[in-house]
Structures are given as structure tokens and as C-alpha cells.
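Student: just a sequence and a predicted model for now, questions to come.
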Amino acid sequence: MIRDLLRRVAPCLVVSLGGTVAVVAAPAIDIAQAVSPRSGGGAIVQLAPPRIADYWMSVNRQPGGVLVFDGYVPDEASRAAFAKRAGADVSFLKLGSGAPASYRRAVDFGLVLLSHLSEGRFSLRGEEVSLSGIAASPAAHRRLGALLETGLPPGLGLGQVDYRLPEGARPVIAVEAPEPAPAPETTAAVPPPDGLALCRDRLAELSAHNAILFQSGAAVIAAGAAGELDAFAQALGLCPEAPVDIAGHTDSDGDAGRNLALSVARAEAVVAALIERGVAAERLYAIGYGESLPVADNATADGKRRNRRIVVTLRDEEG
């Protein structure tokens, strides 16, 4: 019985030696990736991904924005989410258990760092992250320094960090502005406007436009959305310290699981676009709701269009 079971799961691993069954160990990755459900009746044997002692992954940003993922990924859902990234190549990723608890936070942080490089490499080994490459601009070089100094997710440590300015560029030097002269006293002081309230109202107005469009079935922002993204970045300047939720929603067409992954990927694409426009990365949180929160009837084309949306809100609204 044991021999028959092993033959069904991994036939190349069972060798009969004079009546004795010998099990020949093969690479664990090959075993895990070779198993698939059998058609017809009978029991199905499922093997968990092999446990990796030295867990690592890396992302290489190549000229033109191509992102090449390599190393290990804990599950198919994570690999599918990475594949939704614009320009992503996940063909080198292998399934393996034993990922650090901070794996997804570390990879998301690494992708934010890579968005400031014209080319470079981010890697995660255990709980340690490393970065190398060429900054996209002097301003991006300065932003990288701030992210690595204050934005590192909890539980992670820095390994080797080696990124440099573009050839011939000079570093951006922050110069403190002179203190303004005191304003003359007035008998009736007018209270300053509430920045949070103005910011919240403007974000609600822009979200209602529903003008951030994507390529069909993908997380690639359409070129015509650039002006709307600029307006969102300007609105967020009214409340520069407030954390912000970027929520993605889809219509009900297709598989619910795929719609959920697509909504997350689209929210992450908007986060990346806002970071490129100077919004602090640590303020932005990408959230995907898939098709679960419709605002219109999915039975009509107009309803579906209204349900495919990006909603930007201040996190303080949740208390």
C-alpha cells in the first residue's frame, strides 16, 4: 500500500531493490510542484510546499520598469498578487514554506523602494532587507534615504545598502527657509481653515469623479488618469500628516477571488503613482475589496462602470 501511494504521488522516487522498497529523496521543490489532483475517484494526496531553511527572495528592476521576481514565495495567492504588478515576471519564484512573518510587508516596502530607482535590486533574506541600484533622480535619492531611515517596517533589519545618484547628478540639499516676519496684530483674528476638513472634502469630490481608469483586466493605470492623480496628490498636501486609505473596488464580472486580487493590485498601482508625485509612502495604505461593496446594480453596464472605482479617504474617519 505504501509503495502504491508513493508511486501515485512521485513515481520517480520509488525503486524496488530485491523486494525491498527504497525511497530516493529528490529536491523538495520538484515534489511539491509535481503534485496535482487526480481525475476520477479515489483519495487525493496533497503535499505542502517544502520548508526552506534559508528563506530568501529578490526583485530586480530592469531598465524600462520590468520587475523580475526570484527566490521563494509562501503561497500561490502571493505569487498571483506579485504577478499583477505592471511589468512583473514571477516565473522564477518557487513555492516554499517557512517565510518570515514580515514577508509581505518587506516585499511591499521593497517595491516602494524600487519605484525610486531607474534600475536596481531589492532582496529579503530572513528578516534582513538589502538594496542596491541607481536612483531615478536626485529627489528620488533623497527620498530613498528618508524611507530607509524612518519607513522600515517593524521586525526588519537593514543589510547591505548601496544606491547612488544618476551619473552627473548632484545631490539635493535641503535649505531651511528663513523665518517669516511676524504678522501685524489685528483686533479680530480669523481662525485658519481646517486642513483635515478641506482635505477630506476634496478627496471625496475627486473620488466621486471615478476618473482613475485602468487597462481592461489589469492593474495598469490608463494614461488619461495622470491629471486626476495630480489632483489627488495636491489634495493630500492639505493634510500632510494624515494616513490615507486607497481602496480598490471591481464589478461582479468574473471570479470573485480574481476580482479581489485585481482590486488590491489596482490600489497598489495608485499608491505607487502618488508616491511618484511626492506623497510620503508611509502615509498610504492599499486596500482591496473586490466586488464585495457595490454602489450600483451590476446588472447594467452603467452600474458596473460605477462599481469599478478607486476611493481615497483619510484613515482618521475610521476613528
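Tutor: Yep, that arrived.

Student: please enumerate the strands of the protein.
Tutor: In the chain, the strands defined using DSSP state E lie at 14-17, 20-23, 56-62, 66-73, 88-95, 117-125, 128-135, 157-164, 244-249, 284-288, 309-314.

Student: now those strands in a markdown table, with mean neighbour count?
Tutor: Where you see a C-beta, it was placed from the backbone N, CA and C, and this is true even at glycine. Listed next are those as a markdown table, based on neighbours: other C-beta atoms under 10 Å:
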| stretch | mean neighbour count |
| --- | --- |
| strand 14-17 | 11 |
| strand 20-23 | 10 |
| strand 56-62 | 20 |
| strand 66-73 | 19 |
| strand 88-95 | 17 |
| strand 117-125 | 20 |
| strand 128-135 | 19 |
| strand 157-164 | 12 |
| strand 244-249 | 22 |
| strand 284-288 | 18 |
| strand 309-314 | 21 |
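
Student: same list, those, but as a markdown table with distance to Leu111 and mean pLDDT please.
Tutor: Formatted as a markdown table, the strands of the chain follow (distance: least, C-beta to C-beta, whole Å; pLDDT from 0 to 100):
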| stretch | distance to Leu111 | mean pLDDT |
| --- | --- | --- |
| strand 14-17 | 43 | 43 |
| strand 20-23 | 41 | 44 |
| strand 56-62 | 7 | 96 |
| strand 66-73 | 8 | 96 |
| strand 88-95 | 10 | 95 |
| strand 117-125 | 7 | 95 |
| strand 128-135 | 11 | 94 |
| strand 157-164 | 15 | 91 |
| strand 244-249 | 15 | 94 |
| strand 284-288 | 11 | 92 |
| strand 309-314 | 18 | 94 |
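
Student: please parse this structure into its domains.
Tutor: For the chain, automatic domain parsing gives the domain ranges 2-34, 56-164, 195-318.

Student: start to end distance for the second one?
Tutor: Same thing as domain 56-164. Domain 56-164 has an end-to-end distance of 24 Å (C-alpha to C-alpha, to the nearest Å).

Student: now it, how far from the chain's geometric center?
Tutor: In terms of C-alpha atoms, centre = their mean, to the nearest Å, the centre of domain 56-164 is set 10 Å apart from its chain centre.

Student: remind me, longest helix of the protein?
Tutor: In the chain, taking DSSP state H as the definition, the longest helix is helix 256-276.

Student: for that helix, C-alpha coordinates in PDB please.
Tutor: What follows is helix 256-276, C-alpha atoms only, in PDB (Å, rounded to 0.1, in the frame of the first residue of the first chain):
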ATOM      1  CA  ALA A 256     -14.600  36.700  -7.000                       C
ATOM      2  CA  GLY A 257     -11.100  35.700  -5.900                       C
ATOM      3  CA  ARG A 258      -9.500  37.200  -9.000                       C
ATOM      4  CA  ASN A 259     -11.500  40.400  -8.600                       C
ATOM      5  CA  LEU A 260     -10.200  40.700  -5.000                       C
ATOM      6  CA  ALA A 261      -6.600  40.300  -6.200                       C
ATOM      7  CA  LEU A 262      -7.200  42.800  -9.000                       C
ATOM      8  CA  SER A 263      -8.700  45.400  -6.700                       C
ATOM      9  CA  VAL A 264      -5.600  45.100  -4.400                       C
ATOM     10  CA  ALA A 265      -3.200  45.400  -7.300                       C
ATOM     11  CA  ARG A 266      -5.000  48.500  -8.700                       C
ATOM     12  CA  ALA A 267      -5.000  50.100  -5.300                       C
ATOM     13  CA  GLU A 268      -1.200  49.400  -5.100                       C
ATOM     14  CA  ALA A 269      -0.700  51.000  -8.500                       C
ATOM     15  CA  VAL A 270      -2.400  54.200  -7.300                       C
ATOM     16  CA  VAL A 271      -0.200  54.200  -4.200                       C
ATOM     17  CA  ALA A 272       2.900  53.900  -6.400                       C
ATOM     18  CA  ALA A 273       1.600  56.800  -8.700                       C
ATOM     19  CA  LEU A 274       1.000  59.000  -5.700                       C
ATOM     20  CA  ILE A 275       4.500  58.300  -4.300                       C
ATOM     21  CA  GLU A 276       6.000  59.300  -7.600                       C
END
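
Student: now for that helix, which elements pack on it?
Tutor: Judged by 3 or more C-beta pairs under 8 Å, 6 or more residues apart in numbering; DSSP states H and E, helix 256-276 is in contact with helix 76-83, helix 103-114, helix 226-236, strand 244-249, strand 284-288, strand 309-314.

Student: so can I have a markdown table of those showing distance to Leu206?
Tutor: Putting these into a markdown table (distance: least, C-beta to C-beta, whole Å) gives the following:
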| stretch | distance to Leu206 |
| --- | --- |
| helix 76-83 | 26 |
| helix 103-114 | 23 |
| helix 226-236 | 6 |
| strand 244-249 | 12 |
| strand 284-288 | 15 |
| strand 309-314 | 7 |
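
Student: quick one: closest of the ones you listed to Tyr55.
Tutor: Of all the helices and strands packed on helix 256-276, it is helix 103-114 that lies closest to Tyr55, at 8.0 Å by C-beta to C-beta.
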